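Colleague: Model the following, please.
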Amino acid sequence: MDTNRDCGCDSARERIDILIDRELTEMECADVRAHCASCESCQEEVALLERLTDKFRQACAEPAPDNLRISILNSLKNQNGIVDA
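Modeller: Okay, the predicted model is just below:
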C-alpha cells in the first residue's frame, strides 16, 4: 500500500457508506479500500455494513404480496382522488 495515499480513519469512515453504495470514483474506492486493508477497525466496519446492505438488498428483491400491493395502490388512488369504477 502507498502510505502517502492512506486516507486515514476519519476520511475512510466518512466515505464507507458511499463505498458500500458503489458511488465512489475508482480512485476514492481504492483509497478507502487501501486504508481498510491496514486498519482492522475500519475493515470491520466495512464488513458489517456490507453484510447489512446485502441483507437489505435481498429483502427488497422479494416481491410484495399481492394483497399488500393492491392495498397500497388503492390507498394511493384514494389520496389522489381516483375512484375505481
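
Colleague: Could I get the contacting residues of the residue positioned nearest the centre of the chain?
Modeller: For the chain, the residue nearest the mean C-alpha position is Asp21 (4.1 Å; C-alpha atoms, centre = their mean). Taking C-beta atoms under 8 Å, 6 or more residues apart in numbering as the contact definition, Asp21 lies against Thr53. For every residue, glycine as well, the C-beta is placed using N, CA and C.

Colleague: Could you do Asp66 as well?
Modeller: With C-beta under 8 Å, 6+ apart, Asp66 has no contacts at all.

Colleague: Return the distance of it relative to Cys60.
Modeller: Separation of Asp66 from Cys60 (C-beta to C-beta, to the nearest Å): 17 Å.

Colleague: related to what we said a few turns ago, from Leu49, how far off is the residue nearest to the centre of the chain?
Modeller: Taken as C-beta to C-beta, the span from Asp21 to Leu49 is 10 Å.

Colleague: Kindly report the same for Asp66.
Modeller: According to C-beta to C-beta, Asp66 and Leu49 sit 33 Å apart.

Colleague: Centre of the chain to the helix or strand harbouring Glu44, how far?
Modeller: Here Glu44, judged by DSSP states H and E, is contained in helix 40-61. Its chain's C-alpha centre and that of helix 40-61 lie 8 Å apart, by C-alpha atoms, centre = their mean, to the nearest Å.

Colleague: Now tell me what touches it from outside.
Modeller: By C-beta under 8 Å, 6+ apart, helix 40-61 touches 9, 12-13, 16-17, 19-21, 32, 35-37.

Colleague: Give the buried residues for that helix.
Modeller: Under the neighbour-count criterion of 16 or more other C-beta atoms under 10 Å, helix 40-61 has 42, 45-46 buried.

Colleague: Need these in CSV (columns: distance to Glu28 and pLDDT).
Modeller: Output for the buried residues of helix 40-61, formatted as CSV (distance: C-beta to C-beta, whole Å; pLDDT from 0 to 100):
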residue, distance to Glu28, pLDDT
Cys42, 14, 92
Glu45, 16, 93
Val46, 14, 93
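
Colleague: Is it possible to get TSV of those residues that adds distance to Asp54?
Modeller: Converted to TSV, the buried residues of helix 40-61 look like this (distance: C-beta to C-beta, whole Å):
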residue	distance to Asp54
Cys42	19
Glu45	15
Val46	12
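
Colleague: Thanks a lot, catch you later.
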